[in-house]
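**Student:** Just the structure for this:
(one chain, ligands or ions: 1)
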Amino acid sequence: MHRDTLIVHAGYRPRGEPGPFLAGPQFSSTYTTPGDPAEHALTYGRFHNPTWTAWEAALGALEGGHAVAFASGMAAVAATFGVTLKRGDVLVLPSDCYYAIRRLAASWLEPIGVEVRLVPTHGDHAAALEGARLLWLETPSNPLLDVCDIQGLAEHARARGALVAVDNTTATAYLQQPLELGAALVVASDTKALTGHSDLLLGHVATRDEALIAALRTWRTHHGAIPGPMEVWLAHRSLPTLPLRLSRQCASAERLAAFLAARPDVAGVHYPGLPSHPAHATARRQMRAFGTLVSFDLATRPRAEAFLGALSLVREATSFGGVLSMAERRARWGGDAISDGFIRFSVGCEAAEDIIADVEQALDRTR
Ligand SMILES: *Cc1c(COP(=O)(O)O)cnc(C)c1O
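**Tutor:** Numbers count the residues shown, from 1 in each chain. Next comes the predicted model:
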């Protein structure tokens, strides 16, 4: 079966089973459970929920493993750190990964005795891997869209006894399947392109390792990082359009990147789909398309702010992957090694010519 068809049906009730294709959200904190709790499939809302079960079946099908859903991407990241790292362990983390993950490592893991080694996504991981327990990758990285070779690094790490976890948020399981490429764990914020409607926060972790899955479920139960059934149901309702949304968004992002790269007044266009991207060949090998994010540099804060203000269709907002295009001056948050004029642009589902026309008029007016 074509992967797009699998995604459209993932986690939905099998053909022939009576009832709705996708059951509505089940809201319950508790269930009627007389006697021995072990005799009941459903007991308490922090332990399990049928709406999660269907969503996790879908995520597992997409990732090629078993999945556990969390309340947000960061809850999924924290759970992955929590079940894999202890005092004395070494974590190799991209120096250019999502800034909140670096802050979490510095504020939680380092004080409890985990050594954190920072290596850029395009850097040389060999020395840093010596004695490491966990190699964390983020490819394409947010917001610089650097790319690393998941398969190559997974082989390297396995030979040194390290686990590999890939933050797959920017690509999603539709564009890239890290477990197939040898990673032990894949982590994602489903707040972004996977669900794509800018209306919820969710995250997940997937793995083929039964012990890790059990540990992640226990972590979620004990830490209470559980997703709400309404969010999960909305996410699942958005999933069948993932192939449609992302094929449109990625095709438009390629066009926007090519348009920007040809403008003399725009520097540093980052997009893995551009042949000039330093890791274009790797991206081509491991990704189905090159993603919905395009980053570029307008050099200064005043020009970047004027550009964003001059847009008439594209919204000024943080986050990405939604059906409505949005852009922001990323340096306003701090924490990333980028210039003050760096723009992170999330390409939505509008017609590409309208997105490009809006960018063009905003660039022309603020040159
Ligand atoms: C947004 C993001 C996260 C965190 O996800 P939330 O759903 O906001 O908690 C983690 N990693 C990357 C790469 C992200 O872009």
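**Student:** Strands of the protein, residue ranges please.
**Tutor:** 66-70, 90-94, 115-119, 134-138, 163-167, 185-189, 203-207, 267-270, 293-297, 315-316, 326-329, 342-346 (DSSP state E).
**Student:** right, and those strands - which one's nearest the ligand?
**Tutor:** In terms of C-beta to the nearest ligand atom, the element of these nearest to the ligand is strand 185-189, at 2.9 Å. In short, each C-beta sits where N, CA and C put it, glycine included.
**Student:** Tell me, how many residues neighbour Gly228?
**Tutor:** Residues near Gly228, counting by other C-beta atoms under 10 Å, number 17.
**Student:** next one: Pro111
**Tutor:** Neighbour tally, Pro111, other C-beta under 10 Å: 8.
**Student:** closest point of this protein to the ligand, which residue?
**Tutor:** For the chain, C-beta to the nearest ligand atom, closest residue to the ligand: Gly73, 2.2 Å.
**Student:** Next, the residue nearest to Leu324 when sequence neighbours are not counted: phi, psi?
**Tutor:** Nearest residue to Leu324 in three dimensions, chain neighbours excluded: Gly348, at 4.8 Å (C-beta to C-beta, 6 or more residues apart in numbering). Dihedral angles of Gly348 (phi, psi; degrees, to the nearest 10) stand at phi -90, psi -160.
**Student:** which outside residues touch stretch 70-83?
**Tutor:** The contact list for stretch 70-83 (C-beta atoms under 8 Å, 6 or more residues apart in numbering) reads 68, 91, 100-101, 104-105, 108-109, 134, 165, 167, 169, 185, 187-192, 201-205, 212, 215-216, 219-220, 223, 225-228.
**Student:** buried subset of these?
**Tutor:** Buried subset of these (neighbour count, 16 or more other C-beta atoms under 10 Å): 68, 91, 101, 104-105, 109, 134, 165, 167, 169, 185, 187-192, 201-205, 212, 215-216, 219-220, 225-228.
**Student:** Go back to those residues and keep what's next to the ligand.
**Tutor:** For the ligand, the contacts drawn from the buried ones among the contacts of stretch 70-83 by C-beta under 6 Å from any ligand atom are Asp167, Thr169, Ser189, Thr191, Lys192, Leu201, Gly203.
**Student:** Bridged to the first one, which residues?
**Tutor:** Each beta-bridge partner of Asp167 is listed here, defined by DSSP bridges: Glu138, Val187.
**Student:** burial measure for the residue nearest to Leu324, as a count.
**Tutor:** 24.
**Student:** OK, contacts around it?
**Tutor:** Gly348 touches Gln249, Ser252, Thr292, Gly322, Val323, Leu324, Ser325, Met326, Ile355, counting by C-beta under 8 Å, 6+ apart.
**Student:** ok, the closest residue to the last one other than its chain neighbours - how many residues close by?
**Tutor:** What that stands for is Ile355. The shortest distance from Ile355 to any non-neighbouring residue, by C-beta to C-beta, 6+ apart, is to Ser325 (5.5 Å). Counted with other C-beta under 10 Å, residues neighbouring Ser325 total 26.
**Student:** Let me know whether Ser325 touches Glu350 as I believe.
**Tutor:** Yes. At 6.0 Å, Ser325 counts as touching Glu350 under the criterion of C-beta atoms under 8 Å.
**Student:** before we move on, back to that, residue contacts, the residue nearest to Ile355?
**Tutor:** Counting by C-beta under 8 Å, 6+ apart, Ser325 has contacts Leu313, Val314, Arg315, Phe345, Ser346, Val347, Gly348, Glu350, Ile355.
**Student:** For it, what are phi and psi?
**Tutor:** phi -70, psi 140.
**Student:** What subset of the contacts of Ser325 is buried?
**Tutor:** Counted by 16+ other C-beta under 10 Å, those give Val314, Phe345, Ser346, Val347, Gly348, Glu350, Ile355 as buried.
**Student:** May I see these organised as a markdown table, with pLDDT added?
**Tutor:** Formatted as a markdown table, the buried ones among the contacts of Ser325 follow (pLDDT from 0 to 100):
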| residue | pLDDT |
| --- | --- |
| Val314 | 98 |
| Phe345 | 98 |
| Ser346 | 98 |
| Val347 | 98 |
| Gly348 | 98 |
| Glu350 | 98 |
| Ile355 | 98 |
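**Student:** ok, which pair from these is furthest apart?
**Tutor:** Farthest-apart pair in the buried ones among the contacts of Ser325 is Phe345 and Glu350; separation 12.7 Å (C-beta to C-beta).
**Student:** ok, what's across the strand from the nearest residue to Leu256 once chain neighbours are set aside?
**Tutor:** Distances taken as C-beta to C-beta, 6+ apart put Val294 closest to Leu256, at 5.4 Å, once the chain neighbours are dropped. Under the criterion DSSP bridges, Val294 forms beta bridges with Phe345.
**Student:** Could you pull up the residues touching Val294?
**Tutor:** So Val294 contacts Leu145, Ala253, Leu256, Ala257, Leu260, Val269, His270, Tyr271, Phe345, Val347 (C-beta under 8 Å, 6+ apart).
**Student:** Hmm, the second one is touching Ser295, no?
**Tutor:** No. Counting by C-beta under 8 Å, no contact exists between Ala253 and Ser295, whose distance comes to 10.7 Å.
**Student:** give me phi/psi at Cys97?
**Tutor:** Here Cys97 shows phi and psi, under degrees, to the nearest 10, equal to phi -80, psi 170.
**Student:** Leaving out chain neighbours, which residue sits closest to it?
**Tutor:** Glu138 (4.2 Å).
**Student:** Number of residues surrounding that neighbour?
**Tutor:** Using other C-beta under 10 Å: Glu138 sits among 25 other residues.
**Student:** need the residues of this structure near the ligand, please.
**Tutor:** 72-74, 98, 138, 142, 167, 169-170, 189, 191-192, 201, 203.
**Student:** among those, which are in helices?
**Tutor:** Gly73, Met74 (DSSP state H).
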